[in-house]
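> Here's a sequence, model it:
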Amino acid sequence: RRREERRVAAAKRQAKEDEVFKELVEAKHRASAKARDDKRRIQTEAAQEIENIYEEAQAEADQMEKGLALELATIQEKRRQRIEDAEARATAAAEDDSLTPEDKAAASADAKEAVRAAREEAEAEE
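Alright, predicted model coming up:
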């Protein structure tokens with residue numbers, strides 16, 4: 001009878017140990033699955049953050065490019081206007097009847113020099 005009681009007690013202990021072991025294995029599997037899910041979530045969040053940073057940087061670069069293009073267009077327009085003004089002065093000097101031929105030649109030369117200088121400046125800056 002005692003032997004039977006010991007055998008039953010041993011069987012109960014073994015069953016209890018088996019149940020505890022089973023729970024430990026299941027807990028380990030749940031922890032591993034959670035770790036995989038966490039890793040995937042963190043990688044996804046990091047990838048999204050990198051994408052957001054890239055998009056912000058690209059938007060800033062686009063804005064800077066637009067600003068530079070506008071600035072360049074303004075500079076080019078000012079240069080074109082200076083060249084046109086110098087050409088108009090040269091034409092006006094050549095057509096001004098109140099000037100002596102020497103004054104016309106000097107004014108025309110000055111205006112042509114201004115046109116040449118403005119064009120050289122434009123070429124140098126390009």
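
> make it CA atoms for all contacts and neighbour counts henceforth
OK.

> all helices for this protein, in order.
Along the chain, counting by DSSP state H, helices occupy 2-95, 101-125.

> any idea how far residue 110 is from the closest residue to residue 109 other than its chain neighbours?
In this structure, residue 109 finds its nearest non-sequential neighbour in residue 90, 7.6 Å apart by CA to CA, 6 or more residues apart in numbering. For residue 90, the distance to residue 110 (CA to CA, to the nearest Å) stands at 8 Å.

> who has more neighbours, the two?
residue 90 (24 against 16; other CA atoms under 10 Å).

> I'd say the more buried one and residue 107 touch.
Yes. Contact criterion CA atoms under 8 Å: residue 90 and residue 107 qualify, at 6.7 Å.

> Mind pulling up the pLDDT for residue 68?
Per-residue pLDDT puts residue 68 at 92.

> do you know how far it is from residue 75?
10 Å.

> residue ranges with poor pLDDT in the chain?
Counting by pLDDT under 70, the chain shows low-confidence ranges at 126.

> residues contacting the residue nearest to residue 109?
Residues near residue 90 by CA atoms under 8 Å, 6 or more residues apart in numbering: 107-112.

> cool, and residue 79?
118-119, 122.

> can we see that at 10 Å?
By CA atoms under 10 Å, 6 or more residues apart in numbering, the residues touching residue 79 are 73, 85, 115, 118-119, 121-122.

> How about residue 39?
33, 45.

> any idea how far it is from residue 46?
Taken as CA to CA, the span from residue 39 to residue 46 is 10 Å.

> same thing with residue 5?
As defined by CA to CA, residue 5 lies at a distance of 60 Å from residue 46.
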